[in-house]
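Novice: Coordinates for the following, if possible.
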Amino acid sequence: MSERARAWWGDELVADSAAARREEPPEGPPRLWFPRADVREDRLEALAGRWEAGTGERDGHVAFDDEALRVEIAEGDVTTRFPTWGDAAHLVDLLAVRPGGEPGRYRTAARGHWYRNVVEASQMLGQAIVAAGRHAPDRRPVHAAMAFTRPADARQLLDIDLDTLSAGRTFTALAARVTQDGRLCAAGTLLLDRTSPDVVRHAAPPPDVPGPHDATPVDMGVTGREVRVVGDAYTGDPAAPAGPPVLDAWVRFRPGSVPDDPPLHAGLLAQFAGHMSIAAALRPHAGIGQDQAHRTLSTGINAITISVHGPVRADRWMLYHHLSTFAGDGMTHSECRVHGEDGALLASFTVEAMVRGFGDSPEPADDRTAL
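Specialist: Numbering: from 1, shown residues only. Here you go, the predicted model:
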């Protein structure tokens, strides 16, 4: 780990290390092992009863019980509470699809989660975009539309099958099917283009909002990917003040953490597209919050359509502007844009999502929006 790991006992810092080790057991949450030398010596005896249950000390390291102490990972001024889902490198690995052994087939990595093993809808979209870029490497993915039909298990591999619908001199159209154990989880179409010089050009301007360093960091359980929300507008608390159905979020992967691979950068942009549209739709409604998702509310992403307007760098600041234009009949609709820090319009996307009481929906939630 290149970040600093810290453990707090109330307001007292009792461990601080740049050499902590992350361990991922086959079952249960990950553990963070601190070198014993980086734990305050005057607190070792008192803390001995707060080691991670069933682990104690090992090889000169200790793992704290994260329910007894507050354990966190700090990178610059961004702090992530442990246990985390993982690091930006894990997301990059998930998006970097591999050949699947048959023509037109690509396979994803698997990464289960100790809390909820459901694959994000927008992750499948991003993976399909990367697969399309691998399939037609001389062309740039410019448009993708995908509907999500069945939950997928994050602990198992996904197959992405691409069928060429047309391949002209400039455009390639593909049909995509995402399956797991032979069952369809998502399906859609993708368009790729060689692109050409401008005949005309215009673009929607960015919203007039503060920059990333004037926005509030939000902990989404992934180290190495900064998420900063404008105006403290992102909260899952049903008791939070109501506001307009808008959320602006700055997102950036750790500089240098993403290979120089254009489809991968576009896929990472798309991977975040499903994260905040439901929260934007809930924001105007007092007494309703995203913390209720998968508890009293059945929420999920049903479909995403995205257009990518130019080259993307996911390791530079991207501003996601989410506007929910409709909520009703158990559904929400959002129209969103992504701008670079220089104001350039990078992408536009729409999200169709489900928000229903558990008693009103025969289907389980097919997405989680916290990653």
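Novice: which residues of the stretch 51-200 of the chain score low on pLDDT?
Specialist: 51-57 (pLDDT under 70).
Novice: where do the strands sit along it?
Specialist: Taking DSSP state E, counting those that start in this stretch, the strands of the stretch 51-200 of the chain run over residues 57-58, 61-63, 70-75, 78-81, 86-87, 98-99, 105-107, 140-148, 159-167, 171-180, 183-193.
Novice: want to throw these into JSON lines with mean neighbour count?
Specialist: Every C-beta, even on glycine, is put in place using the N, C-alpha and C of the backbone. Compiled in JSON lines, the strands of the stretch 51-200 of the chain are given as follows (neighbours: other C-beta atoms under 10 Å):
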{"stretch": "strand 57-58", "mean neighbour count": "14"}
{"stretch": "strand 61-63", "mean neighbour count": "22"}
{"stretch": "strand 70-75", "mean neighbour count": "19"}
{"stretch": "strand 78-81", "mean neighbour count": "17"}
{"stretch": "strand 86-87", "mean neighbour count": "21"}
{"stretch": "strand 98-99", "mean neighbour count": "12"}
{"stretch": "strand 105-107", "mean neighbour count": "20"}
{"stretch": "strand 140-148", "mean neighbour count": "22"}
{"stretch": "strand 159-167", "mean neighbour count": "16"}
{"stretch": "strand 171-180", "mean neighbour count": "20"}
{"stretch": "strand 183-193", "mean neighbour count": "19"}
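Novice: and the ones you listed as JSON lines, adding distance to Gly231?
Specialist: Formatted as JSON lines, those follow (distance: least, C-beta to C-beta, whole Å):
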{"stretch": "strand 57-58", "distance to Gly231": "45"}
{"stretch": "strand 61-63", "distance to Gly231": "37"}
{"stretch": "strand 70-75", "distance to Gly231": "23"}
{"stretch": "strand 78-81", "distance to Gly231": "18"}
{"stretch": "strand 86-87", "distance to Gly231": "28"}
{"stretch": "strand 98-99", "distance to Gly231": "41"}
{"stretch": "strand 105-107", "distance to Gly231": "39"}
{"stretch": "strand 140-148", "distance to Gly231": "30"}
{"stretch": "strand 159-167", "distance to Gly231": "37"}
{"stretch": "strand 171-180", "distance to Gly231": "35"}
{"stretch": "strand 183-193", "distance to Gly231": "33"}
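Novice: Which parts of the stretch 101-250 of the chain are helices?
Specialist: Listed in chain order, the helices of the stretch 101-250 of the chain (DSSP state H, counting those that start in this stretch) span 121-135.
Novice: Go through the strands of the stretch 51-200 of the chain and name the closest to Asp291.
Specialist: Closest to Asp291 of those is strand 78-81 (C-beta to C-beta; 15.2 Å).
Novice: So what does Tyr320 have for phi and psi?
Specialist: In terms of degrees, to the nearest 10, the main-chain angles of Tyr320 are phi -90, psi 120.
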